[in-house]
Every structure is written in structure tokens, then in C-alpha cells.
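**Student:** Build me a structure from this.
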Amino acid sequence: MHNPVRKAVFPVGGLGTRFLPATKVIPKEMLPVVDKPLIQYAVEEAWAAGIEEIIFVTGRGKSSIEDHFDHVWELEDTLKARGKDEQLQEIEKTLPTPGAISYTRQQEPAGLGHAVWCARNLVGNEPFAVLLADDLVQSERPCLAQMLDVYKELGGNIVAAEDVPRDQTDKYGILDVSEDDGRIASAKGLVEKPDPAVAPSTLSIIGRYILQPEVFTELDRQETGAGGEIQLTDAMARTIGAVPFHGLRFEGTRFDCGSKTGFLAANIAFGLEREELAADLRQILNHYSVGSVSGA
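**Tutor:** A predicted model of the protein is given here:
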């Protein structure tokens with residue numbers, strides 16, 4: 001019997017420089033895919049997987065995230081008065097159970113490992129999930145729920161994983177695989193952003209993790225890795241042997257919304273999923289296809 005995963009950490013302290021000037025005053029996590037901000041998709045994924053407590057690791061200029069998951073009485077009263085019940089229900093979906101969301105601050109952008117370490121006192125001595133809002137997964141069953149299915153069977157550390165082209169291994173944490181059945185891979189090591197020539201595999205970690213509290217002991221060392229930052233991958237790697245480590249090839253499509261092309265692709269994919277938008281969106285896409293543009 002493995003200890004249940006009740007808490008999820010959301011590192012949201014990054015600067016979002018790739019989306020400037022849009023992110024000059026708006027957190028990148030608040031950028032909308034269709035009509036919901038990225039952070040809401042991630043939080044809803046956690047809730048759907050049974051997570052009870054949400055921990056945001058924030059930074060300066062992130063107060064709109066806190067406001068998003070709170071009441072806006074003037075707006076709610078106006079929607080009620082105008083009989084806009086559907087919109088009111090959408091607003092109410094963002095509200096957590098009182099006391100189920102907490103915040104801590106990452107005072108310097110020192111890496112993902114540092115951001116997770118900042119949540120150590122709120123997590124305590126229990127397993128926890130980490131979700132990166134930049135990675136948006138479109139799937140029938142939420143990605144984190146798929147991971148928790150595997151965790152209940154195997155325990156230990158579980159990461160969401162997908163194969164990437166070899167020439168892109170220097171953008172990801174890569175698993176050094178010992179066993180692989182095509183769905184679940186057992187790892188004997190991890191390497192952060194390895195050169196393609198020396199990467200141990202092409203199986204990469206994406207922004208979903210289930211971690212045991214032992215990782216905090218490694219993060220306490222505050223050792224820097226790739227990019228001069230405290231890397232979560234390095235801390236996880238040092239627990240291998242003491243803690244089982246598996247990567248799950250999840251079912252679904254992952255969009256890297258930290259890149260502009262990934263963000264645009266996510267808007268198209270999630271827009272096509274919406275019945276009231278799909279026909280018009282297809283018409284727009286057809287109009288702007290290569291042939292249509294060249295003939296316009």
C-alpha cells in the first residue's frame with residue numbers, strides 16, 4: 001500500500017520572457033487557451049485526479065493568479081443580475097474549497113528544483129505531484145490521473161514521458177532506461193539536457209511528476225546543474241536506487257505552451273474540440289492555408 005498523493009505543487013514564479021511583451025504585466029500562466037488560462041487547465045487536471053491541496057510557488061507580479069482562484073463579487077453580482085447563469089457557473093468552477101490553496105514565494109529564479117524546494121514546508125513528509133502549466137495535455141483521461149494509476153501499482157517516483165527526436169534531447173530531462181515495455185520505462189538514471197551525441201535515450205520528461213519526499217533531502221544541498229540552476233532532474237536522479245523511478249508514456253497530446261508555436265497549436269486543438277467553435281475555426285484555417293494565402 002503506497003501513501004496517497006494529496007498535494008500538488010505548481011511552480012508559477014517564472015518570468016515568461018519568451019512571450020514578451022504580453023507577459024510584461026500578465027503572468028505567462030494566465031495566457032488563455034481559447035477562454036481559460038493555462039493555470040486553470042493544470043489545476044482542473046489536478047482536481048480531476050483527486051488532488052486535495054494546491055500549492056502555488058509564486059514570484060513578483062503573480063497576484064492575478066491568486067485573484068483568479070478567488071471570488072470577484074462585483075462580476076458575480078452583475079452576472080446574477082443579468083441572468084447570465086452559464087457564465088456564472090464557469091466562474092464558480094474556478095473556486096476551490098476554502099483553505100485548499102496555499103501560496104509560497106520563490107524569491108529568485110534559481111531553477112525548477114529551487115521552486116519545488118520552496119514548497120517543502122507546505123508539502124511535508126508525504127508524496128506529492130508537480131505540474132507545470134506550460135505543458136498542456138489534451139487527453140480523454142487526465143494525464144495526472146493516468147500517472148496516479150501507475151503510482152498505486154508501483155509507488156516511488158513517476159514522471160510523464162514522451163519520446164522526442166534525438167536532436168532535441170538537449171531541451172529536456174532524459175531517462176537512462178533499464179527496462180521498457182513500450183508504456184512504462186524503469187530508469188537507472190536521469191540526465192538534464194544532454195547533448196544528442198551522448199543522450200542515454202530519447203525518452204524525455206514533461207511537466208508532470210509524482211515525487212517522494214526524499215527529493216527534498218537532495219534539493220536541500222542547493223547544488224546547481226545545467227544553466228547554473230538548481231535542477232529537479234538532478235535531485236530526482238540522486239534518489240534512484242533508494243526510490244523506484246518510472247516514466248509513463250501517457251495517452252494524449254502534449255502541447256509545449258512555453259513556445260509560441262506550441263501555444264498557437266494548443267489554441268487550435270482545443271478550439272476544434274469545442275462544438276460551438278469547430279466549424280468556424282476550420283473555415284478560418286482553410287482560408288489561411290498555404291494555397292488560400294498565396295491566392296488571396
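**Student:** just the helices in the protein please.
**Tutor:** 38-48, 63-68, 73-81, 85-92, 112-117, 120-123, 143-154, 214-219, 232-239, 260-272, 275-287, 290-295 (DSSP state H).
**Student:** okay if I get the ones you listed as CSV plus mean neighbour count and distance to P200?
**Tutor:** No exception for glycine: its C-beta is placed from N, CA and C like everyone else's. Formatted as CSV, the helices of the chain follow (neighbours: other Cβ atoms under 10 Å; distance: least, Cβ to Cβ, whole Å):
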stretch, mean neighbour count, distance to P200
helix 38-48, 21, 29
helix 63-68, 15, 36
helix 73-81, 12, 51
helix 85-92, 12, 45
helix 112-117, 24, 20
helix 120-123, 16, 29
helix 143-154, 19, 21
helix 214-219, 20, 20
helix 232-239, 23, 11
helix 260-272, 16, 25
helix 275-287, 11, 39
helix 290-295, 8, 39
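**Student:** Tell me which of those sits nearest to E29.
**Tutor:** helix 38-48 (4.0 Å; Cβ to Cβ).
**Student:** returning to what we had before: out of the helices of the chain, nearest to M30?
**Tutor:** Taking Cβ to Cβ, helix 63-68 is the member of these nearest to M30, at 5.6 Å.
**Student:** helices or strands up against that closest one?
**Tutor:** helix 38-48, strand 53-58 (3 or more Cβ pairs under 8 Å, 6 or more residues apart in numbering; DSSP states H and E).
**Student:** Which one of the ones you listed lies nearest to L31?
**Tutor:** helix 38-48 (5.8 Å).
**Student:** Kindly calculate the angle that the closest one makes with helix 260-272.
**Tutor:** 60 degrees (axes from the mean of the first three to the mean of the last three Cα atoms, to 10 degrees).
**Student:** Now do the same contact list for the nearest residue to K80 once chain neighbours are set aside.
**Tutor:** What sits nearest to K80 in space, not counting adjacent residues and going by Cβ to Cβ, 6 or more residues apart in numbering, is L88, at 6.3 Å. Applying Cβ atoms under 8 Å, 6 or more residues apart in numbering to L88 gives the contacts 76, 79-80.
**Student:** could I have stretch 39-54 exported to PDB, CA atoms only?
**Tutor:** This file holds the C-alpha atoms of stretch 39-54, laid out as PDB (Å, rounded to 0.1, in the frame of the first residue of the first chain):
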ATOM      1  CA  ILE A  39      -3.000  27.600 -15.000                       C
ATOM      2  CA  GLN A  40      -6.700  26.700 -14.800                       C
ATOM      3  CA  TYR A  41      -6.300  23.800 -17.100                       C
ATOM      4  CA  ALA A  42      -3.500  22.500 -14.900                       C
ATOM      5  CA  VAL A  43      -5.400  23.000 -11.600                       C
ATOM      6  CA  GLU A  44      -8.500  21.300 -13.100                       C
ATOM      7  CA  GLU A  45      -6.300  18.300 -14.100                       C
ATOM      8  CA  ALA A  46      -5.100  18.000 -10.500                       C
ATOM      9  CA  TRP A  47      -8.600  18.300  -9.100                       C
ATOM     10  CA  ALA A  48      -9.900  15.700 -11.600                       C
ATOM     11  CA  ALA A  49      -7.100  13.300 -10.400                       C
ATOM     12  CA  GLY A  50      -8.300  13.600  -6.800                       C
ATOM     13  CA  ILE A  51      -5.700  16.100  -5.500                       C
ATOM     14  CA  GLU A  52      -7.000  17.800  -2.300                       C
ATOM     15  CA  GLU A  53      -4.400  20.600  -1.800                       C
ATOM     16  CA  ILE A  54      -2.900  23.000  -4.300                       C
END
